[in-house]
Structure formats: C-alpha cells, structure tokens
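S.K.: for reference, the sequence and a predicted model appear below.
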Protein chains: 2
Amino acid sequence: MMFDVTILGSASAIPTKKRFPSAQLINMLGHLFLVDCGEGAQMQLIRSGTGLQKIERIFISHLHGDHFFGLPGLITSMHLTGRTEPLHVYADNELPGIINPVINYSHKNLGFEIVFHELIPEKSELLFENDNLLIKSIPLQHGINTWGFIFEEKEKARNIDKGFVQKYNPDIDDIKAIKAGADFVDKTGEIHSNEKITRTPEPPRIYGYCSDTQYFDELAAQVKSVTTLYHEASFMESDKELAKERNHSTAAQAASTAYNANCKKLILGHFSARYKALDGLLQEAKHIFPNTYLAEDFCKFDII
Amino acid sequence: MMFDVTILGSASAIPTKKRFPSAQLINMLGHLFLVDCGEGAQMQLIRSGTGLQKIERIFISHLHGDHFFGLPGLITSMHLTGRTEPLHVYADNELPGIINPVINYSHKNLGFEIVFHELIPEKSELLFENDNLLIKSIPLQHGINTWGFIFEEKEKARNIDKGFVQKYNPDIDDIKAIKAGADFVDKTGEIHSNEKITRTPEPPRIYGYCSDTQYFDELAAQVKSVTTLYHEASFMESDKELAKERNHSTAAQAASTAYNANCKKLILGHFSARYKALDGLLQEAKHIFPNTYLAEDFCKFDII
C-alpha cells in the first residue's frame, strides 16, 4: 500500500520564488492527510492534481501564520465545490476563534461539518486510529504551543505462503490464526510450523513530522520509532545562535536527531529565505546522517 | 511615465492550476498599488520580482475570500522583512475586525502602521490624490458592499519645444506659465504664441477596475472617463441567468459596458473554473468590443 508525502511548501515564514509556506500532503494506505496549511496550500494541492475533497484530516503544528493562513481558503473552496463529508482538524484550541470569523463572513453555513480536535499542550497523544494506522502528536519546543505528528503503520500480519494455501485449503479461522503466528494441523494430524508456512511482513513504516522546533536532546527519544523523518532546518550550523534565539533548528541538529533516533531517511525543509543555495545545509546534515534529502515544492518522497 | 497593471490572479472563487484568486499590481507613475489581495498574492508578487515593501496602498473591492484572504500573509511578510512605512488599506469597514485577530495572534506589534480607510457603501469617493494622479471608488452591484476603483492620471502640462528653450532661455516662472498655456514675450518684445512653442501632451490614461459585479446599465456612465477597463467576466453569455443569480457578469456584458463607456481597451478576468477553454468568452466580447484581452496570471498590460 502507498505511503508517501508530497511537499506542498518548503519555505519558512517568508515564501520565495520557488517555495511556498509549510504544507504537506500525506498519502497513507489510501487515506489523504494534510499536515500544516500555509497560505497557498489549496493552490499547491490543485497544481499537484489532488482533489481537495479527498483530504480527510488536517493537522496544524502551531499557530504561526506560515503554518495555517491557507485554511480559510482551502475550507471555503471545499465548500464551494460541494463537500459534504466532515473535515477533521487537529490544532491548538485557539484556532477556531481565529479562523471562524474569516470563513463565516462569506459563508455562514458551510455544506460540511468541521470536527475540531484540540491538541493538548506539552503532551503526546493518540489522535486517530483505524485497523491499519495510528496518528500521534508529540510536543515540540518553539516558543508557542507546537506539535509534531507521527503517522505509523500498524504491525502487519504474517504473509501465508500461497502454495500452502492451495494445497491445504485452510478455512478463514485457520488463516486468521496462521497470520497471527499459529502453527497449522492438517487433516492427517501433521503439524506445519508457522515459520515454514509464513513469511515475516515488511516492518511498519513510520513518518515523523517535526516543524517548527529548536533542538532538544529528548526529541530523538520521541521519534525513536520513526523510519522517515521530516525535520525543519531553518538555519545552517554557522547560524546556530540565531536558530536557538528564534526557536528553530540547524540542518546539523536535525541530522543529529535523525541519527540518534536511528531513522532510515531524513527530509529537511522550512529553509530560511536568507540562503540562496542550500548545498551547505545538505552537506552539514549528510556528514551526520548520510541519507538526507532537501524538500522541494511538489517533490514526492516515499516513506521507507 | 510608466502606467501598467500586472495580473497576479485571474481566477474567480476557486483557483485553478494556472490561475490564482484576484489580485493586481498597478505600477502608476512611480507608485505601486495593489488591487484586491486574494490568497497567494504575496507569492505572486515575489514571483513577479516585486518587493513587498514598495506597495504603498491596497484597495479591497469586497469581502469575499478570494479578494482578501491573502492580506494576513502579505502584511505578516511585510513586517518580517522590516517594513516601517505606513500601509494604507481601503476596504469595507468590517475588514479590520476580520483580519486583525488573525495577524495579531502571531504578531501583536507590527513594525509599521496600517492606516485603514473605510469605503462608504453605494457611493463614489475620491480616495487619494497627489500632483499627478487621482484614485476614486465607484459602487458595484454584487450582493454585498462592493466597489470598483478608478486610477486616473491628471491632465498633463503642455510640452515646451526644446529648441525654443535653448534659444530663449525662459526662467522658471516663464516655463510654468508656458506649460499652463501662456504665450511668451522675448527680450525684443516679440510674442511667441503658446501653440507654436508647445505641443499638446498625451491625453490622461485612466484605469478602471470592476470586479465583482452583475451587469447594470449605469456602470458605463460611472466608467465613462476610463481608457483601459478591467472587468470581471465570470461567465459566458450562454450562462447569463447563472451570472445574474450569482451577481456576476458575462464576457458580453463586460464588453457592452466598455463599448458604452467608449473605452480604448478591455481586459477580462475572474473566470469561472468551469470553463476549460476561454476562447468562447473572448470571442463573444470581441464581437461587441474588438480590443479585448484575456487576463492571465503574470501578464502585464499597458494602460493606454
């Protein structure tokens, strides 16, 4: 099943000619989630060929404008194009008070319900769960209430060997038991050990989104299960003091967190507009965590 | 002196892959004005190479989201990039109450003053004037308070013949008098008639912005001085009833207004996303008013 992230905005607070403010589209096992919704997110979605109505849930990391100013436009366009399905929005409890007056001035009666979920400050929570996936919040450190998000595939059942199924024709209950790890006893009484008739499934893929945050040692423990990590890298290590002062991270700090958390892949984004070229950021991160990539608007990254 | 308009957004309420919501940059005699500020206007400005700080005044036609959702982002970016000059904003008196909470949540103390000018409903007003230009509002008909804007060059002084100046070396007071139409008496007492030593200046160029509005006969009288008219053309004539129902115009109606007002040039925009091709809109307008153009994002039109 598909599990990837499309970068819709990779700039920090001030957009550039090629980079819009923060927003990402997560395509996870048939579900579409939006993480952050900077100004222009709806245009980036349209330009990437994504139907606005397919987005089920929106997760807002914090209430700096470059992470949520796109919400009124996106919600209005969802309404104007006939949405009826509820839209779940997870954010700081101040959000409705800020954006509802903007939306309501034009459209008092939306054609769909916005189900608002208040994130609890400084706490990790389970936000959503179904048979295949979990979504959790983690607290970040950015001067105001800020959360990262973890999108986690559940452990998959064991894969049963097709040849075995054809030969022994196990019933549904048997299949469930075998997938869960049980051995199988055939009609002659012979025992087929689970390890001979199944294969270990691919390990769960887990995506972690960390923007915006200053570096703190404990973050690595919070994302230790994450396999592909997106982490802000607003600054270079040479501007480390500025990063700390502004509650942001350097590329090297992002890489240290990925390294300490034993991730497989790191994506950097939220770049300050001051850097005309980003080679330096990439190199300082790769020095610590080699499998690092720079986010670009419209780039799609597989979650591994 | 330059007088042109750059289209930053030519879509109607729902953006498309190629068209952002309404916004225009007017470069008039060395001044930069923004008319409407749909979502993404700041990105379109950045992509068109315009410094955000150079914008002196913003005119908002009405409070439908596709005409003002870009204001919080633009104002925030002006602040973050160090603006200190006041920004003049002309709009419905409801605007500050809607957008201030959005801006203030992140930035309680902007580094510059927003000077808000309330537009008076259903009235034409002089909004701004300096030595060279006038800006006026005109009332439109769109279901909620809506205004068009007229950007008008003042009548220019007469151009004095350079050869005459070199030969007779008139002083500053003489030059002022000649430019205003006076004859000139040289040291020998000879009278040089004004028409022999000056040329008639180019007639004033006047830009009219009409979006959004349904068609009404009296609009042509309101824009009768306009030389280049931008007019919304959300619909084709075949969807005339829908246009009326939604308080919008057809391309043919826009062309009728330009024809009746005796304009020189017509730019159509604010196209409904329902039309995949716009040839039909252009043709029906050209049939009535031949010198018609379709707005496209990033197109620059000279005001003639």
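M.R.: Cool, got the structure.

S.K.: identify the residues contacting A:Ile46.
M.R.: By CB atoms under 8 Å, 6 or more residues apart in numbering or on different chains, A:Ile46 lies in contact with A:52, B:15-17. Where C-beta positions appear, they are placed from N, C-alpha and C, glycine not excepted.

S.K.: buried subset of the residues you listed?
M.R.: A:52, B:15-16 (16 or more other CB atoms under 10 Å in any protein chain shown).

S.K.: name the residues that touch the helix or strand of chain A with the lowest mean pLDDT?
M.R.: Using mean pLDDT, DSSP states H and E, helix A:95-106 stands out as the lowest-scoring helix or strand of chain A, at a mean of 88. With CB under 8 Å, 6+ apart as the test, helix A:95-106 has contacts from A:60, A:63, A:68, A:71-72, A:75-76, A:89, A:110, A:116, B:63-65, B:69, B:94, B:97-99, B:101-102, B:105.

S.K.: repeat for stretch A:178-190
M.R.: Residues contacting stretch A:178-190 (CB under 8 Å, 6+ apart): A:157-158, A:160, A:164, A:168, A:170, A:174, A:177, A:191-194, A:197-198.

S.K.: output it as PDB, restricted to C-alpha atoms.
M.R.: Taking C-alpha atoms only, stretch A:178-190 is exported to PDB below (Å, rounded to 0.1, in the frame of the first residue of the first chain):
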ATOM      1  CA  ILE A 178      -1.800 -18.500  11.000                       C
ATOM      2  CA  LYS A 179      -1.400 -14.800  10.100                       C
ATOM      3  CA  ALA A 180      -1.300 -14.100  13.900                       C
ATOM      4  CA  GLY A 181       1.500 -16.700  14.300                       C
ATOM      5  CA  ALA A 182      -0.200 -20.000  14.900                       C
ATOM      6  CA  ASP A 183       1.000 -23.400  13.600                       C
ATOM      7  CA  PHE A 184      -1.400 -25.400  11.400                       C
ATOM      8  CA  VAL A 185      -2.500 -29.000  11.900                       C
ATOM      9  CA  ASP A 186      -3.700 -30.700   8.700                       C
ATOM     10  CA  LYS A 187      -6.300 -33.500   8.300                       C
ATOM     11  CA  THR A 188      -3.700 -36.200   8.800                       C
ATOM     12  CA  GLY A 189      -2.600 -34.600  12.100                       C
ATOM     13  CA  GLU A 190       0.700 -33.300  10.700                       C
END
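
S.K.: and of the contacts of A:Ile46, the nearest to A:Cys263?
M.R.: Nearest to A:Cys263 among those is A:Leu52, at 31.2 Å by CB to CB.

S.K.: closest one of the buried ones among the contacts of A:Ile46 to B:Ala295?
M.R.: Among the buried ones among the contacts of A:Ile46, and counting by CB to CB, the member closest to B:Ala295 is B:Thr16, at 12.8 Å.

S.K.: for the stretch 151-300 of chain A, which segments count as strands?
M.R.: Per DSSP state E, counting those that start in this stretch, the stretch 151-300 of chain A carries strands over the ranges A:159-160, A:184-185, A:191-192, A:198-199, A:206-210, A:228-232, A:265-269, A:292-294, A:300-302.

S.K.: can you tell me the strand partners of the fourth one and which way each runs?
M.R.: So that's strand A:198-199. Sheet pairing for strand A:198-199, assigned by DSSP bridges, gives strand A:159-160 (antiparallel).

S.K.: please identify the deepest-packed of the strands of the stretch 151-300 of chain A.
M.R.: strand A:228-232 (a mean of 29; mean count of other CB atoms under 10 Å in any protein chain shown).

S.K.: that one to strand A:206-210, inter-axis angle?
M.R.: 10 degrees (axes from the mean of the first three to the mean of the last three CA atoms, to 10 degrees).

S.K.: who touches strand A:228-232?
M.R.: A:5, A:12, A:24, A:205-213, A:223, A:248-249, A:254, A:257-258, A:261, A:263-270, A:295, A:301-304.

S.K.: mind listing what that strand pairs with, with the direction of each?
M.R.: strand A:206-210 (parallel), strand A:265-269 (parallel).

S.K.: what does the first one rub up against?
M.R.: Contacts made with strand A:206-210 from outside it, assessed by CB under 8 Å, 6+ apart, are listed as A:3, A:5, A:24, A:26, A:28, A:35, A:59, A:61, A:138, A:140, A:148-153, A:219, A:223, A:225-232, A:254, A:257, A:263, A:303.

S.K.: up against chain B, what does the stretch 201-304 of chain A have?
M.R.: Residues of the stretch 201-304 of chain A lying close to chain B (CB under 8 Å from any CB of the partner chain): none.

S.K.: give me the buried subset of the contacts of helix A:95-106.
M.R.: A:60, A:63, A:68, A:71-72, A:75-76, A:89, A:110, B:63-65, B:69, B:98-99, B:101-102, B:105.

S.K.: next, A:Leu45: secondary structure please.
M.R.: helix (DSSP: H, G, I helix; E, B strand; the rest coil).
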